[in-house]
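> Let me see the structure of the following:
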Amino acid sequence: MPEHAYPPWEPPFAGTEVEHVLGSLDRLRATFRWKADGLTAEQMRQTIPSSTLTVGGLLKHLAVQEDYASAVKIAGQEMPPVWGDNDWDSDDDWEFTSSAGQSPDELYGLYDDSVDRSRAVVRATVDDRGLGGDSGVTLDDGTRASVRRILFDLIEEYGRHTGHLDLVREAVDGRVGEDPPPDWRP
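The predicted model follows:
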């Protein structure tokens, strides 16, 4: 099958380490975004009986995690200004709870914009330092985490929450499946 026939989020079958790490992250991003796509405000707030998680809350949480992993942990910068008006000091779950008051367009926009920012920061950092280069995370003993480690942590975050989203989305409208259809775009 020619290379162009694969969906854009499919990781390479035989690529470099950077291509595999970033490709795996992009595949999870695409699957997550597809699972969250096309919902009304009411559907974004729907829960399942055993959990308070919502599609909207998960979208906003992963938007925060994208910026936190790339800007703060990888690049050693501040969180982007879009997160300046948060209430994390009094509500550790602020992104989950505050999402209920936002429209689907706002939530999709927050998520899509954070992924775009994250891709740019990660690409620039990997081009500059490589996956083995130092991140902005330093332990008490002075040991610095590698960029690779922070990216694997973000992949793990996506794996966990994409699984949560599988359950919530199926309860909302029955959408199931592992990957978006090849022609899907958000």
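
> residue contacts, Ser103?
Ser103 makes contact with Ala41 under the criterion Cβ atoms under 8 Å, 6 or more residues apart in numbering. Every C-beta, even on glycine, is put in place using the N, C-alpha and C of the backbone.

> Could I get the full set of strands for this protein?
Under the criterion DSSP state E, the chain carries strands at the ranges 134-138, 144-146.

> can I get those strands in JSON lines with distance to Thr16 and mean pLDDT?
Supplementary listing: these in JSON lines, determined by distance: least, Cβ to Cβ, whole Å; pLDDT from 0 to 100:
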{"stretch": "strand 134-138", "distance to Thr16": "20", "mean pLDDT": "94"}
{"stretch": "strand 144-146", "distance to Thr16": "16", "mean pLDDT": "96"}
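
> could those go into JSON lines alongside distance to Thr162 and mean neighbour count?
Below are the strands of the chain laid out as JSON lines (distance: least, Cβ to Cβ, whole Å; neighbours: other Cβ atoms under 10 Å):
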{"stretch": "strand 134-138", "distance to Thr162": "23", "mean neighbour count": "17"}
{"stretch": "strand 144-146", "distance to Thr162": "23", "mean neighbour count": "16"}
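
> Using a markdown table, please lay out those together with distance to Leu53.
Below are the strands of the chain laid out as a markdown table (distance: least, Cβ to Cβ, whole Å):
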| stretch | distance to Leu53 |
| --- | --- |
| strand 134-138 | 27 |
| strand 144-146 | 28 |
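
> hang on, isn't Ser98 packed against Ser90?
No - under the criterion of Cβ atoms under 8 Å, Ser98 makes no contact with Ser90, lying 11.6 Å away.

> These two: which is more packed in?
Between Ser98 and Ser90, counting by other Cβ atoms under 10 Å, Ser98 is the more crowded of the two (16 against 7).

> Contacts only, for that one.
Lys60, Asn86, Asp87, Asp91.

> Hmm, Tyr108 is touching Leu59, no?
Yes - between Tyr108 and Leu59 there is a contact under Cβ under 8 Å: 7.0 Å.

> Most neighbours among the contacts of Ser98, which one?
Lys60 (25 neighbours).

> thinking again about what came up before, so which of the contacts of Ser98 sit within helices?
Using DSSP state H, the subset of those located in helices is Lys60.

> Residues in contact with both of Tyr108 and Leu59, list them for me.
Contacts common to Tyr108 and Leu59, judged by Cβ under 8 Å, 6+ apart, are Ala36.

> higher neighbour count, these two?
Ranked by neighbour count (other Cβ under 10 Å), Tyr108 and Leu59 place Leu59 first, with 31 against 21.

> from what I can see the more buried one touches Glu106, true?
No - Leu59 is beyond contact range of Glu106, at 9.7 Å (criterion: Cβ under 8 Å).
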